[in-house]
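Fold the following.
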Amino acid sequence: MNGYPFYLTWSKQKGGLTYPLDSVDDHFIYSNKEKKLDLSSISYQASFGLRPNFIEKAISDQLNNFSIVAPKAIFDLKEKVTKDLLKLIDLDGGKIFYTVSGAESVENALKMARIYTGKKKVLARKPSYHGGTLGAVSVTGDWRNQNVDTLDQWTIRIPEPEDDLDLSQTSKIFETNNDLAAIILETVPGNNGVLIPTKEWLQGIQKLCHKHNVLLILDEVICGFYRLGTPFGFQSFDVKPDMITMAKGITGGVIPFGAVWTNDKIHEHFNDKILSCGLTNYAHPLGLAALEAVLAHIEQASFKDHLASLLSEFKKDLEGLSQKTRVIGALAAIDLKDAPSWNTFWDEGISLIAQKDRIILAPHLNLPIDIWKESFNKLEKLLV
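Residues are numbered from 1 along each chain as shown. Okay, here's the model as predicted:
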């Protein structure tokens, strides 16, 4: 027993990595009275810091109005926020299905895709993570797929971009499987190494989807809401997905929330057919209030100006390292032969994602540049 009355996620229960939490402020975690800079955005979600007052206030204000509604209730906040989200996505229409997590967003996207197409199989990459629920972990390809029973009979792995530059092998997979409903891809796989595809590769996948009537689902749970420097990651690659999954930055992590966007053809399919998807906390008003605050905040010139400056410094500093790095927006991986342990960075006042052969950085989008510079100097010394 680990001594706690609750489970630890994604780990052995005995000896799992934990830390005592005292409190947080805008960008720092306080543990045993020591402060640690959060350079992971708490699993890529705290895009606006650890105490985003504008989101907290929006939730508080909504609590003073109403805090629980039926899934089919129609109210001004629900309509306004959804229209604003569609405007940010900027893909000529479509419709939103709300969830409370990234895994649920993926789960419902897969379900909709299978219902819409009448087909079952889904293509996916090996280095990927799409969530821990049954459908989501079945298309996940990393280690989290290994110790559970999954729907592997409905999942087909495609070659990695560097192994199939002209997409000839991937094309054969499309051609020889007549039961393909969709392909699901993280626009940029984040926790599996910030694997940035070329525009040509992703656009080639889209062409194959169009040719074979296969839906393109882009998982933007990490990449969305300016994590990659654009409102959504796909906008950096000039592609137009059929479905988009969202969570994490959608509320800055302050309250659980998520969403799925579908194109017009998909949502029109359900005009006269039952959409067999739903959840008790669908379009929860507190989540909508948080999303409304996020959408307003990211339209402010001050946010965009600061983000541009931060991303410039972030990229310049990291690409100046001797180690191999991959940087896009406010997301970066640094490859290392033997990465220092998570505790090594923690002891120096930095919280980040440390893996066996790399570290991953995902700073708050509003992180002051002087704080980034100070932390980068520490990182540089630790990586020597």
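
which parts of the longest helix anywhere in the chain are buried?
If you go by DSSP state H, the chain has its longest helix at helix 301-319. Buried residues in helix 301-319, defined by neighbour count with 16 or more other Cβ atoms under 10 Å: Phe303, His306, Leu307, Leu310, Leu311, Phe314, Lys315, Asp317, Leu318. (Each C-beta comes from the backbone N, C-alpha and C, glycine too.)

which of those residues lies closest to Asp166?
Lys315 (29.4 Å; Cβ to Cβ).

What is the subsequent helix or strand relative to the longest strand seen in the chain?
If you go by DSSP state E, the chain has its longest strand at strand 180-186. Next helix or strand after strand 180-186 toward the C-terminus (DSSP states H and E): helix 199-212.

what packs against that next one?
Packing partners of helix 199-212 (3 or more Cβ pairs under 8 Å, 6 or more residues apart in numbering; DSSP states H and E): helix 168-176, strand 180-186, strand 215-219.

let's see 10 Å
strand 121-124, helix 168-176, strand 180-186, strand 215-219 (3 or more Cβ pairs under 10 Å, 6 or more residues apart in numbering; DSSP states H and E).

which one of these is the most hemmed in?
strand 215-219 (a mean of 28; mean count of other Cβ atoms under 10 Å).

Can you name the next helix or strand after that one?
Assigned by DSSP H and E, the successor of strand 215-219 is strand 243-246.

how about low-confidence regions in the stretch 251-384 of the chain?
For the stretch 251-384 of the chain, no stretch is flagged by pLDDT under 70.

Can you show me the helices along it?
Remark: helices assigned in the stretch 251-384 of the chain by DSSP state H, counting those that start in this stretch are 264-269, 285-297, 301-319, 342-347, 369-382.

Quick check: which of these is nearest to Arg51?
helix 285-297 (13.5 Å).

which parts of the closest one are buried?
Pro285, Leu286, Gly287, Leu288, Ala289, Ala290, Leu291, Glu292, Ala293, Val294, Leu295, His297.

excluding its backbone neighbours, what's nearest Gly132?
For Gly132, the nearest residue in space outside its immediate sequence neighbours is Ala103; the separation is 5.5 Å by Cβ to Cβ, 6 or more residues apart in numbering.

what does Leu202 give?
Nearest residue to Leu202, sequence neighbours excluded (Cβ to Cβ, 6+ apart): Phe237, at 4.7 Å.

you'd agree the one you found is up against Thr187?
Yes: with contacts counted by Cβ atoms under 10 Å, Phe237 reaches Thr187, the gap being 7.0 Å.

anything in contact with each of these two?
Counting by Cβ atoms under 10 Å, 6 or more residues apart in numbering, the contacts common to Phe237 and Thr187 are Ile196, Pro197, Leu202, Leu218, Leu228.

next one: phi and psi at Ala73?
Main-chain torsions, Ala73, degrees, to the nearest 10: phi -70, psi 140.

measure it to Leu134 for me?
Applying Cβ to Cβ, to the nearest Å, the value for Ala73 to Leu134 is 29 Å.

any idea which of the shared contacts of Phe237 and Thr187 has the most stuff around it?
Counting neighbours by other Cβ atoms under 10 Å, Leu218 leads the shared contacts of Phe237 and Thr187 with 29 neighbours.

Need phi/psi at the nearest residue to it once chain neighbours are set aside.
Closest residue in space to Leu218, ignoring its immediate chain neighbours: Pro241 at 4.2 Å, by Cβ to Cβ, 6+ apart. Reported as degrees, to the nearest 10, the phi and psi values for Pro241 are phi -70, psi 160.

do Leu91 as well
phi -120, psi 40.

surely it meets Pro231?
No: using Cβ under 10 Å, Leu91 makes no contact with Pro231, being 11.1 Å away.

roughly how far apart are Gly229 and Ala332?
For Gly229, the distance to Ala332 equals 12 Å [Cβ to Cβ].

Would you double-check that Lys87 falls in a helix?
Yes: counting by DSSP: H, G, I helix; E, B strand; the rest coil, Lys87 is part of a helix.

what about it, how many neighbours?
11.

Repeat that for the one 10 residues further on.
As a burial measure, Phe97 scores 26 neighbours (other Cβ under 10 Å).

do Ser276 as well
Neighbours of Ser276 (other Cβ under 10 Å): 10.

Not counting residues beside it along the chain, what's closest to it?
Ile115 (6.6 Å).

State whether that neighbour and Thr262 are indeed in contact, as I suppose.
No: if you go by Cβ under 10 Å, Ile115 and Thr262 don't touch, sitting 11.2 Å apart.

roughly how far apart are Thr262 and Leu8?
For Thr262, the distance to Leu8 - Cβ to Cβ - is 35 Å.

quick one: which of those two has more around it?
Remark: of Thr262 and Leu8, Thr262 carries more neighbours, 26 against 14, as counted by other Cβ under 10 Å.

Kindly state the beta-bridge partners for the closest residue to the more buried one other than its chain neighbours.
The shortest distance from Thr262 to any non-neighbouring residue, by Cβ to Cβ, 6+ apart, is to Met243 (5.2 Å). In this entry, Met243 is beta-bridged to Ile217, Thr262, by DSSP bridges.
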